Each structure stands twice: as C-alpha cells, then as structure tokens.
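Trainee: After the sequence you'll find the predicted model.
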Amino acid sequence: MKYMLIAVLCVFFLVGCKKEAPDAPLSANTELLTSKAWLYDEYYTGYNTPAKKRVYKRNAPGNSADFSVYQYLFKKDGSFEVKVGTESTFSTWKFVEDETIIEISGSAGSTTRLKIMELSQNTFDWMLDEYYAKMIPKK
C-alpha cells in the first residue's frame, strides 16, 4: 500500500510538471532597437513645415538646445530608460502597427507614439508630430 501511494504521487508529480516554453524569438527590429544605447545626432522642430528648424546637431556650434546628455535605452523586457546626464526616467515601450510605431507609456499614464522613419545598425530616426530626431548608437 505504501509503495502504491508513492507510485501514485510520482505519477501526479511527473504529470503536473510542465516544461517551460522557450521565449519567442525577438523580431529584427527589437534586436536592432535593444542592442545598444541611442544618442541624439540631430533634432528638428517644425519638420515638414516652412518653419523647420534644426535645434541640435552633435558637435555643431550654435545649437539652441543641448541634447548631448540624453541616452535612450530600450530593453528587451519592454522597459525604457531615458538618461539625462546622471538622472534617469523609466517607462515601458512596445511596437505597434506592424512595428512602424513605438508606443511609450509613462508612469503617469501618458502615452507617446514615435513613428519610426529609419531603424538600422547605425541609425534610429523617429518623428513625433512635427518633431524629428536622428539618433546614433553609443560607441
């Protein structure tokens, strides 16, 4: 009887144990976006309008804003960090609309949607309304 009980418990244990499914492979865009930290190379306001203005160009004189201290870090777990010098803010991100838009959700419930203009090993260009950014990987 004792052996029968042990055998039944072993069967329940073996049947009850499930092998964890492997993580789904990441898309090519996810790999590109999460494989490095991104820095601003250029930033424009009024893009695609007559009022288009370059606000920032890396290592250029006469910038009206300093974006050199910003770093974007998209992580594979869906977290998103913006470093500004030694300070960081955190939120979450995901691709939407066939990976043409990055949706960033802030802690206060706000949502920002960056339209991907180009994403490759060497560039990440995005647009938000009339704002346009060209970003490069941190070396």
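Mentor: Right, received. Where do you want to start?

Trainee: roughly how far out does stretch 107-127 sit from the chain middle?
Mentor: Averaging C-alpha positions (Cα atoms, centre = their mean, to the nearest Å) puts stretch 107-127 8 Å from its chain's average.

Trainee: again, but for stretch 63-82
Mentor: The chain centroid and the centroid of stretch 63-82 are separated by 9 Å under Cα atoms, centre = their mean.

Trainee: Quick one: the strands in this protein, in order.
Mentor: Assigned by DSSP state E, the strands in the chain fall at 38-45, 53-57, 70-74, 79-84, 87-96, 101-105, 111-119, 124-128, 131-137.

Trainee: Include distance to residue 27 and mean pLDDT when you put the ones you listed into a markdown table, please.
Mentor: Backbone N, C-alpha and C define where each C-beta goes, glycine included. Converted to a markdown table, the strands of the chain look like this (distance: least, Cβ to Cβ, whole Å; pLDDT from 0 to 100):
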| stretch | distance to residue 27 | mean pLDDT |
| --- | --- | --- |
| strand 38-45 | 17 | 98 |
| strand 53-57 | 30 | 97 |
| strand 70-74 | 13 | 97 |
| strand 79-84 | 17 | 96 |
| strand 87-96 | 7 | 96 |
| strand 101-105 | 12 | 97 |
| strand 111-119 | 11 | 97 |
| strand 124-128 | 15 | 98 |
| strand 131-137 | 18 | 98 |
